[in-house]
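Trainee: Provide a 3D model corresponding to the input given below.
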Amino acid sequence: MNEFDPGALARIPKFPRGVRLKHDETRQEWVLLAPERLIKCDPIAAAVLQLCDGKRAVSDVVDILAGQYNADPTLIARDVLALLDGLRDKKMVQV
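Mentor: Presented below is the predicted three-dimensional model:
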């Protein structure tokens, strides 16, 4: 994970007020809900967002996912940061 800004990995992602991650039982998929907004989450996004509890740093999320999926932490970090940055731009996550 050397290629990433240490500050980016130290950030603690959380959902802003009014935004929540929910499993839609009818559709059997995860969604991010906000007032008058809904974003469907693919399984990878759902796995990342389930770990965003407002306590774990991005580096913790990366470590957990790398262990669960036996994957390169550098690749996981790149993907997690891209996902969180995109959702931050949509005001669905605070980082």
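
Trainee: Put the alpha carbons of stretch 87-95 into CSV.
Mentor: Taking Å, rounded to 0.1, in the frame of the first residue of the first chain, the C-alpha atoms of stretch 87-95 are listed here in CSV:
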residue,chain,number,x,y,z
LEU,A,87,-19.7,7.9,-3.3
ARG,A,88,-18.3,10.9,-1.5
ASP,A,89,-18.8,13.0,-4.7
LYS,A,90,-22.5,11.9,-4.6
LYS,A,91,-22.7,12.8,-0.9
MET,A,92,-23.5,9.2,0.0
VAL,A,93,-20.4,8.7,2.2
GLN,A,94,-18.3,11.0,4.3
VAL,A,95,-14.5,10.3,4.3
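
Trainee: can you give me the helices in the protein?
Mentor: Ranges of helices in the chain, per DSSP state H, are 6-10, 43-50, 58-69, 73-89.

Trainee: Same list (the ones you listed) but as a markdown table, adding mean pLDDT.
Mentor: What follows is these, written out as a markdown table (pLDDT from 0 to 100):
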| stretch | mean pLDDT |
| --- | --- |
| helix 6-10 | 88 |
| helix 43-50 | 97 |
| helix 58-69 | 97 |
| helix 73-89 | 96 |
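
Trainee: Can you redo those as TSV, where the extra columns are mean neighbour count and distance to A34?
Mentor: The C-beta positions use only the backbone N, C-alpha and C, and glycine is treated the same way. Listed next are the helices of the chain as TSV, based on neighbours: other CB atoms under 10 Å; distance: least, CB to CB, whole Å:
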stretch	mean neighbour count	distance to A34
helix 6-10	13	24
helix 43-50	17	13
helix 58-69	18	21
helix 73-89	17	11
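
Trainee: Which one, of these, ends up nearest to T26?
Mentor: Ranking the helices of the chain by proximity to T26 (CB to CB) places helix 43-50 first, at 15.9 Å.

Trainee: Could you give the separation of that closest one from the chain centroid?
Mentor: Its chain's C-alpha centre lies 6 Å from the corresponding centre of helix 43-50 when counted by CA atoms, centre = their mean, to the nearest Å.

Trainee: rewinding a little: would you mind giving the helices of the chain as CSV with distance to P35 added?
Mentor: CSV is the format used below for the helices of the chain (distance: least, CB to CB, whole Å):
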stretch, distance to P35
helix 6-10, 28
helix 43-50, 18
helix 58-69, 26
helix 73-89, 16
